[in-house]
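>>> I would like the atomic coordinates for the input below:
(2 chains)
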Amino acid sequence: MSFLKKSFDFFVTILLWFYFVGGFFIFFIAVYAVAYVVCRDRETAFQAVNHYFYKGFFILARIVCPGLSIDVPEEVKNIGPCVVVCNHLSFLDPILLISIFRRNKTFVRSDFFQAPVFGWIIKTSGYISPMTNPALVGNAIEGIEGLEDYIKSGGVLFLFPEGSRSKDGRVGKFSKGAFGIAKLCSVGVTALYIENTEKVFTPGRFLFNTLEKNTIKIRVLKELSPKYDDESFSIKSLKDEVRNVYVERQGPN
Amino acid sequence: MNREDIEKKLLEILIEEFEMEDPGLDDNLREVHGFDSIDAIELLGHIELILGYDLTQEEKKLAMDIKTINDICDYVLNIHEGRS
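Have a look, this model is predicted:
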């Protein structure tokens, strides 16, 4: 049984990776190319193509993983202009969020910007690099300065304030960057909670867990509209308030 | 505008807007006060208000090397003197 399960996991993993790499180069690269040539607003067009590409990934995942279901309520799909913060459990989290939000932006590791083709796509999509790479500082400054208009025109910026994936599932230390951006753009913050992505694609493991019954859930934990002009407003307090919402959601150990 | 004026204004901004407690002129802003790249962009907006004009992208890029308040003072002074 174990051998059969591993074989099935392996087969499905290869199939999903094939979609990721093969589907991208065989089909989607042409879509990106057409969007680049035809669309005046390339950034929005590329974000939409990313959205459909990853939506396709999760549709395929649900087909080939018999135990997998994905529960995304309407209130998550209809999140308005705001900064979205989310807990981070697996590599699936960012692509799940892209598959939910048609207009999506996030920060992407700076080395990805240097990758052939993929770097061009994330740059054209308006994704933002951190300022750690001197060659991309210009991209980061322009990207951050453009966020207010982007968000207020209906876009979603999503960030993982823990920075990296949780090692044990518990909520980690938050950095204040996401909350600084919300203040900079004078927009609200919505806290989302993802569950079970780490059970489907476990960090450090190559194979997807395909046969176990898993429901990836995503929920709105809290929507905040901070009063940035209020004298008592503090980014640290906002950050702590949001982190406490996650801690309470997880409960004691 | 001299260095003292700039220093005074910057300290006001860093305390009031960036919630820094007792910032020292040679403190490493990132390590001591958790000043990050988003803060740097916000600070550039305040610097533009101090200077009374917009910074160019090249000038903004130079700001990303800043580590201390003294560095910010040098940065603002250099731009101010360069433009005038």
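
>>> quick one: residues contacting residue A:20.
Residues in contact with residue A:20 (Cβ atoms under 8 Å, 6 or more residues apart in numbering or on different chains) are residue A:57. All C-beta spots, glycine's among them, are computed from the backbone N, C-alpha and C.

>>> can you tell me how far it is from chain B?
30 Å (Cβ to the nearest Cβ, to the nearest Å).

>>> where does the residue of chain B most remote from its centre land on pLDDT?
Within chain B, the residue lying farthest from the chain centre (Cα atoms, centre = their mean) is residue B:84, at 18.8 Å. Predicted confidence (pLDDT) for residue B:84: 74.

>>> same deal with residue B:35?
87.

>>> how about the nearest residue to it once chain neighbours are set aside, what does it touch?
Counting by Cβ to Cβ, 6 or more residues apart in numbering or on different chains, the nearest residue to residue B:35 once its immediate chain neighbours are dropped is residue B:29, at 3.7 Å. The contact partners of residue B:29, taken as Cβ under 8 Å, 6+ apart, are B:23, B:35, B:66-69.

>>> repeat that for residue A:83.
Contacts of residue A:83 (Cβ under 8 Å, 6+ apart): A:151, A:157-159, A:178-179, A:181-182, A:185, A:187-190.

>>> the closest residue to chain B within the stretch 1-150 of chain A in helix, strand or coil?
Nearest to chain B in the stretch 1-150 of chain A, going by Cβ to the nearest Cβ, is residue A:131, at a distance of 4.0 Å. Assigned with DSSP: H, G, I helix; E, B strand; the rest coil, residue A:131 falls in the coil class.

>>> for residue A:174, same thing?
Going by three-state DSSP: residue A:174 is coil.

>>> residue A:222: what secondary structure?
Relying on three-state DSSP, one would call residue A:222 strand.

>>> no, scratch that, I was asking about residue A:193
Going by three-state DSSP: residue A:193 is strand.

>>> for the residue of the stretch 1-150 of chain A closest to chain B, which non-adjacent residue is closest in space?
Closest residue to residue A:131 apart from its sequence neighbours, by Cβ to Cβ, 6+ apart: residue B:37 at 4.0 Å.

>>> just give me the neighbour total for that neighbour.
20 (other Cβ atoms under 10 Å in any protein chain shown).

>>> one more: residue B:83?
11.

>>> mind checking pLDDT for residue 30?
Here I'm looking at chain A. On the pLDDT scale, residue A:30 is placed at 92.

>>> wrong chain, I was asking about chain B
On the pLDDT scale, residue B:30 gets 87.

>>> got it, and residue A:139?
On pLDDT, residue A:139 comes in at 85.

>>> so residue A:32 sits against residue A:47, correct?
No. Residue A:32 lies out of contact with residue A:47 (Cβ atoms under 8 Å); the separation is 11.3 Å.

>>> that concludes my questions; thank you for your assistance.
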